[in-house]
Every structure is written in C-alpha cells, then in structure tokens.
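*Asks:* I need the structure of the sequence given here:
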Amino acid sequence: MRLLIIAFLSVLILCGLAAAHSSSSSDSHEYGRNTWGYGRRVYGNNGWGNNGWNNNDRGIPRIAGKLSCSADAIAKSTKTRRDVNRVRPADIGYIAALGDSITSGTLAYDRPDEFSCLTWDHPGNSFAMGGDGTLETHLTLPNILRYLNPALIGFSKGMGKDMENTVLNVAYPGKWSDDMPRQARVLVERFNNYPRDTVQSEWKLITIFIGTNDITGMCKHNNGTSKEAYKKFVKEAISIIQANLPRSIISLIGTIDDVHNALKELAADASLQSTDQAVVVQRVFDDLHTPLKRTDRTYDTNFYATDTFHLSKYGSSLVAKQLWRQLLQPVGGKSTTIEDMADNDHNLACPDEVKEITAMSFFNRICCLLLLETSAHALVEFTHSTVYDNYDFIGVKEVALAQCKNGCLIYASIKTDPTDEYMNNLVVYDYSSGRNVSIALVSQNEETGWTRKLPLELERPGRYSILNLNADDSKASDLAVYVVDRATAQSIDYEIYDASTMDRNHQAPRSVVTIMGAGRFLASANAILSNSFTVRLAGFDNAKANNEDGCVHAYKGELEDFEFHVDGPLISFMFNKTKPVPQTGSYEYKTTRDLSKLGFITSPGFHGCAKVDPLQVYRQFEGGFNGGQYDLKSDSKLNVTWEIDSYATEQFMVEDNTNGHQKYLVVGEQKNNTITMKGTEFASLYYNDANPPSGFIARHTAVKA
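*Replies:* So this is what the prediction gives:
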C-alpha cells in the first residue's frame with residue numbers, strides 16, 4: 001500500500017499539479033463542517049480499489065435524467081420576456097459559470113483510464129456547465145436546459161482548459177474569491193464572440209461557486225479570506241457582469257456559514273436587483289456536511305473522485321439534480337434535504353404548470369420572490385386579452401402578440417398628438433402579408449360621427465407583433481394597447497371609448513361599455529333613468545359577473561350620478577337595462593373629490609383579477625407605488641359607508657376628519673371590510689409605499705345624515 005501511495009504522489013508531482021499546493025493558490029482539503037473535510041476520514045481506503053480509483057471495473061457510475069413534465073410546464077415563452085419575473089426554463093439562451101476546480105470539472109472523468117498528465121479537467125462533466133452526452137445519458141444542469149431549449153449556448157464539452165472545451169465556463173482550478181473579478185472580465189470578453197443583439201436580448205443563467213480555497217483561512221483566520229473580503233470580490237464580479245450582460249440571472253452557491261451569509265447579504269443588496277437582473281443564493285451543500293449516503297443508508301463512495309475531494313462524474317450529476325430542484329423553489333423555501341439525492345429512480349422536479357407567464361413562472365420561483373420588493377411590470381395578461389403600455393416597448397424591438405395567433409382586435413389610446421414620431425414608429429406587423437399599421441393610426445380609429453372606438457381587426461390566424469422602430473434612447477409617451485382574442489370579442493355585445501374623447505349620447509348602451517385611457521382618467525355619468533350596473537377595472541372580456549379571470553367589482557348597484565377616477569387603463573360597465581346613459585370621459589383625475597358622489601379609490605394600477613399574475617399590475621414598472629392621500633369633502637353632513645378589499649402587506653388608513661379625526665386602520669388581506677362614518681363632511685384615505693402583489697380597492701357611498 002505504501003508503494004501505491006508513493007506511486008500516486010509521484011504522478012501528482014510529475015504532472016506538476018501539486019495537490020498539496022500552498023493555501024494561497026490551491027484547493028485545500030481542510031473545510032471545517034463541510035462535506036470535503038470528511039472524505040478520507042470516513043471512507044479511509046475502503047471501497048476505493050487497490051489503485052486508489054473506484055473499485056468498479058465497469059468505469060465511473062453515471063446517472064441519467066428524466067423530466068416527466070407536462071408540455072405547458074416546460075414550454076418556451078411565446079415572446080421574449082423583458083422582466084426577470086416572467087422568465088421560464090426554456091427561455092434561457094446562454095449558460096455560463098465562474099469558480100474553481102469543482103465547477104471546472106476537475107477529476108470528473110468518464111472512465112478511470114482517462115486519467116492524464118495533460119489535464120485533470122473534464123468541463124464536459126461539470127455539474128453546472130457540462131454538456132457531454134444528453135439528459136438521457138448524463139445529468140447536468142446544461143443538459144436539462146438543452147432538453148428544454150436545444151439552442152442553448154455556452155455549455156462545456158470534453159476535457160481540457162481551452163476555450164474550445166470550456167466555452168462560457170471560465171472557472172479555473174485552484175482559484176480563490178479574489179479571482180472572481182478577473183473571471184467576470186474574461187466572461188464578458190467571451191460573450192463578445194457572439195452576436196451583440198442576441199447577447200443583449202437573450203436570458204442568461206450564470207453560476208458562481210467559489211470559496212472552497214478561501215475556507216481554510218475563514219476557519220483558521222490565517223492567510224485566508226475574511227467574510228468581508230470574500231463578499232467584496234464576489235460583488236465586484238457581479239457588478240462587472242451586470243454592467244455588460246443584461247438579462248442575467250446570477251445563481252450563487254454557498255458552502256459553510258460564513259460564505260453562505262456573505263452571499264445572502266449580496267442577494268439582499270437592492271443595487272444588484274432590477275427588472276432584468278437577479279441574484280439569488282442556492283443552498284445545494286447545506287446538508288452535505290457529512291458524506292452522501294445511498295437510500296440504504298450506506299456511504300455512497302462513488303460521489304467523490306479519486307482524491308476524495310473533487311466530485312466524480314456521478315457526484316456532479318447528483319449535485320446538478322439537487323441544484324435543479326432548488327432552482328424551482330422560492331427564496332426562503334429551498335429544500336436542503338439530501339435523502340433522495342442518490343435515488344436514481346427519483347424523477348427530476350418539474351416547474352409549475354403555467355400558461356404563458358404567471359406568478360409561478362420558473363425564474364420567479366428561482367429568485368424573484370426576492371424581487372417582489374424591487375420589481376414588477378406594466379403588461380397584464382388575461383385569459384382572452386392582454387394590456388400593454390409604453391414601458392413594454394422601452395429598449396425592446398419586438399413584442400409578439402400571443403392573443404393574435406387566431407386573430408384579434410387591437411385598440412390603442414395615446415395622450416400625444418397623432419403625429420407623434422414615437423407612436424408612428426410603433427407598428428403592428430403582420431408577418432404573412434408584410435402589412436403594418438402604426439399605433440398612432442390605431443388610436444385614432446373611431447366610428448364616423450361618434451366617439452366610439454373601432455379596432456384594428458386581424459382576421460386570420462398568423463404571427464403578429466408590435467415592432468418598435470424607434471432609436472434605443474427614444475422616450476416613449478403614455479399609451480395603452482388592448483389586444484383581445486377575436487372570437488371572444490365577437491361573442492360579447494360591447495362598445496368601447498377613449499377616455500380623452502368619450503361623449504356618449506343619450507342612446508341606450510350595449511351590454512358592456514368599456515373606456516380605455518393612456519393615463520389616469522375620469523369616467524362620469526348622469527343618471528336620467530333608472531338602471532343598475534356593475535363596474536370592473538378590466539376590459540369587456542371580463543365585465544360579466546362570472547368572468548374567467550376572477551375580476552372583482554369596483555361598484556355594483558343602482559345607477560346614480562358618479563365620478564369614477566380610474567388609476568389604470570380600463571374600466572368596464574355592465575348594464576342590466578337598456579335605458580339611455582349619458583357618459584363622458586377625460587383626463588381630469590383628481591385626488592380631492594366630491595364625497596356625495598359614489599366612487600372608489602384604488603392603489604395605483606389595481607385590477608382586482610384573482611386569476612391574473614399578482615405581479616402584473618398596470619404601470620407598476622419600477623417595482624411598486626409611492627404612498628398617497630385622497631380627500632373627500634361635502635358641503636353637508638353625510639353617512640358614508642366604505643367597503644374595502646385589501647391585498648396589502650402594508651397598511652393604509654381611512655380617517656373621519658369631522659368627528660374627532662377617528663382613524664380606521666386596514667392591514668393585511670381583507671374582503672368586504674365595512675367601515676361606517678356618521679355625520680361626516682370630510683374623509684381621507686392614506687396609503688403607504690408598497691409593491692405588487694399588494695393592492696386595495698376602497699368603495700364609498702353616501703346618504704344625507
């Protein structure tokens with residue numbers, strides 16, 4: 001045995017790889033409470049064969065992957081997503097990694113006889129970056145993503161450190177955290193080899209796993225890396241990546257507590273989170289503080305490579321399996337259990353089934369429960385319609401119209417002059433005919449002699465998009481685009497108006513009257529004949545009581561004079577009787593209102609549709625809304641009733657300013673919360689800064705005291 005050990009060490013020396021290299025530049029084997037510190041101590045020489053290799057003459061064990069998921073769960077989005085909250089697994093176009101020998105695939109050989117003095121690295125088998133084989137033959141994170149998106153770019157192949165093998169895996173053996181900024185710059189350089197437009201537009205998943213060589217110093221406080229220094233180096237690398245590579249989701253993998261806590265602090269840094277950038281910590285190795293056991297509770301000696309430190313090809317697959325599972329779990333809810341990690345019969349986890357993008361979308365599950373505090377989006381997708389605004393087109397050259405695949409109706413509203421250059425350079429494009437129509441023109445399409453809007457009707461099934469022909473730095477004015485599935489629209493008796501021009505005459509309305517606006521607007525009416533109606537803050541496709549998207553009413557009851565101030569692009573009225581209702585619209589949105597008129601107050605962008613992604617809130621493009629105050633006044637004393645639906649995580653308050661400034665605090669989720677004020681002439685509502693999915697609607701009615 002002594003001779004075998006001497007022979008093995010001789011190979012190390014001859015190859016110039018110095019496994020016992022100084023702690024400043026090599027992979028240390030001393031790791032405190034970390035899996036690698038237990039390798040030789042638990043295994044000893046048992047189960048490792050006479051030559052130090054796994055006692056398995058059939059070669060290194062391997063594990064295949066199996067995704068038994070529905071088509072909806074793993075489908076690619078129908079259009080390029082601009083918001084990290086709505087990225088799905090198949091949307092990942094590039095995969096990359098930074099790190100040390102664990103990520104570079106050191107000793108992760110296919111067979112024992114692959115051992116070579118020329119290289120110890122097998123990046124094609126790296127858990128985070130390996131692209132050798134397929135998912136059916138070899139489980140790695142890239143092979144899972146390639147199964148979902150065969151066009152994935154960046155994964156590593158074969159053996160060796162050349163860029164031809166490593167591609168976008170810039171991890172290098174023996175490196176410490178202080179090498180992360182350099183690796184980030186190298187990664188940016190490698191991305192420069194790809195077309196700039198795809199690099200800018202495609203989503204990237206970038207893994208950073210570093211620290212195994214820093215840990216010795218953290219444990220001994222001797223010639224190692226402090227927590228703060230580690231954090232500084234990794235943050236610098238993240239900043240370099242984010243400054244050069246938009247639409248990057250950076251997945252940080254921790255080891256011992258100091259490293260993990262440093263990474264958690266980075267992920268909590270708001271400056272590193274945005275609508276198209278995310279940083280999230282995975283906890284893959286939390287429960288691997290002792291060697292992995294099989295399902296029969298015996299130690300799985302195949303997990304490690306020959307040095308009982310690096311991962312074998314088999315071990316790399318098991319780590320990839322654990323990483324994939326955690327990528328599908330929300331921040332704060334990541335399972336660290338390893339009980340079924342070595343169960344080869346256990347299928348890979350599936351993303352939640354979603355149609356298009358919802359709050360349960362893949363990378364929302366990965367990281368963006370963390371981002372609820374920092375980002376949301378303008379676009380709102382209903383079952384049969386989608387609403388867009390100007391923030392959906394900033395920096396985006398094409399927005400695919402998924403609702404139009406079987407034909408659709410498109411309505412638009414703008415606040416600028418129809419000759420506005422930006423609006424004329426936003427065009428609806430038909431790929432089959434080459435026809436294009438500007439949003440400016442669509443917005444002006446009204447019935448002759450009336451203010452009722454007419455749609456751009458796309459009759460045939462096909463591929464349709466809105467193309468943005470403006471310069472990248474052009475500033476968009478306010479607009480709203482309402483796209484409705486054609487068959488759905490044809491099944492509804494409706495009429496639709498623009499808030500800026502609506503002046504509806506005394507004719508009886510159709511079943512549904514919808515008003516749309518490019519900004520906050522006022523919808524008002526005079527009750528000349530008895531009628532009852534229901535109001536919802538959505539389009540005509542969700543106006544009825546049992547609408548498909550679960551949109552709550554903003555008001556329902558007998559028609560009275562009203563002034564509805566709408567903090568969103570749509571409001572729909574469903575009338576129960578065919579009697580004349582004169583209605584008008586304008587952009588005279590006010591925060592001081594007439595208490596005697598029935599109405600409602602909402603959080604900005606509120607739509608109240610339970611089945612719509614709660615992150616999809618009208619015009620919430622910067623991650624939330626600022627606090628506000630509304631004052632409602634009357635010349636006489638009134639008995640006022642408030643009916644409140646609250647989805648708020650932050651509190652808001654209703655105050656009776658007439659009767660001792662009595663305050664009514666509303667906190668948390670509440671339905672049909674009723675507040676009564678007697679004999680008041682002045683009421684106020686205040687709300688704090690908040691973020692989607694927080695929101696509320698406070699309906700108010702009044703009678704003379």
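
*Asks:* who touches stretch 198-205?
*Replies:* 80-81, 87, 91-96, 145, 154, 191, 245-249, 251, 363 (C-beta atoms under 8 Å, 6 or more residues apart in numbering). For glycine as for every other residue, the C-beta is placed from the backbone atoms N, C-alpha and C.

*Asks:* before we move on, what about stretch 424-438?
*Replies:* Stretch 424-438 is contacted from outside by 393, 401, 410, 423, 439-442, 456, 458, 460, 462-470, 474, 479, using C-beta under 8 Å, 6+ apart.

*Asks:* Tell me how far it lies from the chain's centre.
*Replies:* Taking C-alpha atoms, centre = their mean, to the nearest Å, the mean C-alpha location of stretch 424-438 is offset from the chain mean by 29 Å.

*Asks:* thinking again about what came up before, mind checking which of the contacts of stretch 198-205 land in strands?
*Replies:* 92-96, 248-249, 251 (DSSP state E).

*Asks:* Now for those residues: which two are most distant?
*Replies:* Greatest spatial distance among the ones in strands among the contacts of stretch 198-205 (C-beta to C-beta): Gly93 and Ser251, at 15.6 Å.

*Asks:* Distance-wise, check the nearest residue to Phe652 once chain neighbours are set aside relative to Gly605.
*Replies:* In this structure, Phe652 finds its nearest non-sequential neighbour in Tyr687, 3.6 Å apart by C-beta to C-beta, 6 or more residues apart in numbering. Separation of Tyr687 from Gly605 (C-beta to C-beta, to the nearest Å): 13 Å.

*Asks:* The two - which one has more neighbours?
*Replies:* The residue with more neighbours, out of Tyr687 and Gly605, is Tyr687; 27 against 23, by other C-beta atoms under 10 Å.

*Asks:* which strand residues sit across from the more buried one in the sheet?
*Replies:* Legend: beta-bridge partners of Tyr687 under DSSP bridges are Gly628, Phe652.

*Asks:* can I assume it is in contact with Gly628?
*Replies:* Yes: using C-beta atoms under 8 Å, Tyr687 makes contact with Gly628 at a distance of 5.9 Å.

*Asks:* if I've got this straight, His260 is in a strand?
*Replies:* No: using DSSP: H, G, I helix; E, B strand; the rest coil, the assignment for His260 is helix, not a strand.

*Asks:* Report the contact partners of the closest residue to it other than its chain neighbours.
*Replies:* Spatial nearest neighbour of His260, excluding adjacent residues (C-beta to C-beta, 6+ apart): Gly254 at 3.4 Å. By C-beta under 8 Å, 6+ apart, the contact list for Gly254 reads 211, 260, 262-264, 281-283, 285-286.

*Asks:* among those, which ones are buried?
*Replies:* By neighbour count, with 16 or more other C-beta atoms under 10 Å, the contacts of Gly254 hold 211, 260, 262-264, 281-283, 285-286 as buried.

*Asks:* Filter those residues down to the ones in strands?
*Replies:* Short answer: the buried ones among the contacts of Gly254 in strands (DSSP E) are 281-282.

*Asks:* could the buried ones among the contacts of Gly254 be laid out in TSV, adding distance to Ser316 and pLDDT?
*Replies:* As requested, the buried ones among the contacts of Gly254 are arranged in TSV below (distance: C-beta to C-beta, whole Å; pLDDT from 0 to 100):
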residue	distance to Ser316	pLDDT
Gly211	18	84
His260	21	73
Ala262	25	85
Leu263	21	85
Lys264	25	81
Val281	20	85
Gln282	15	84
Arg283	18	77
Phe285	13	71
Asp286	18	63
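
*Asks:* which one among the buried ones among the contacts of Gly254 gets closest to Asp656?
*Replies:* For the buried ones among the contacts of Gly254, the closest approach to Asp656 (C-beta to C-beta) belongs to Lys264, at 44.8 Å.

*Asks:* my guess is the closest one meets Val281, correct?
*Replies:* Yes: between Lys264 and Val281 there is a contact under C-beta under 8 Å: 5.5 Å.

*Asks:* Compile the buried ones among the contacts of Gly254 into a markdown table and extend it with columns for distance to Leu632.
*Replies:* Formatted as a markdown table, the buried ones among the contacts of Gly254 follow (distance: C-beta to C-beta, whole Å):
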| residue | distance to Leu632 |
| --- | --- |
| Gly211 | 58 |
| His260 | 51 |
| Ala262 | 51 |
| Leu263 | 49 |
| Lys264 | 45 |
| Val281 | 47 |
| Gln282 | 50 |
| Arg283 | 50 |
| Phe285 | 57 |
| Asp286 | 53 |
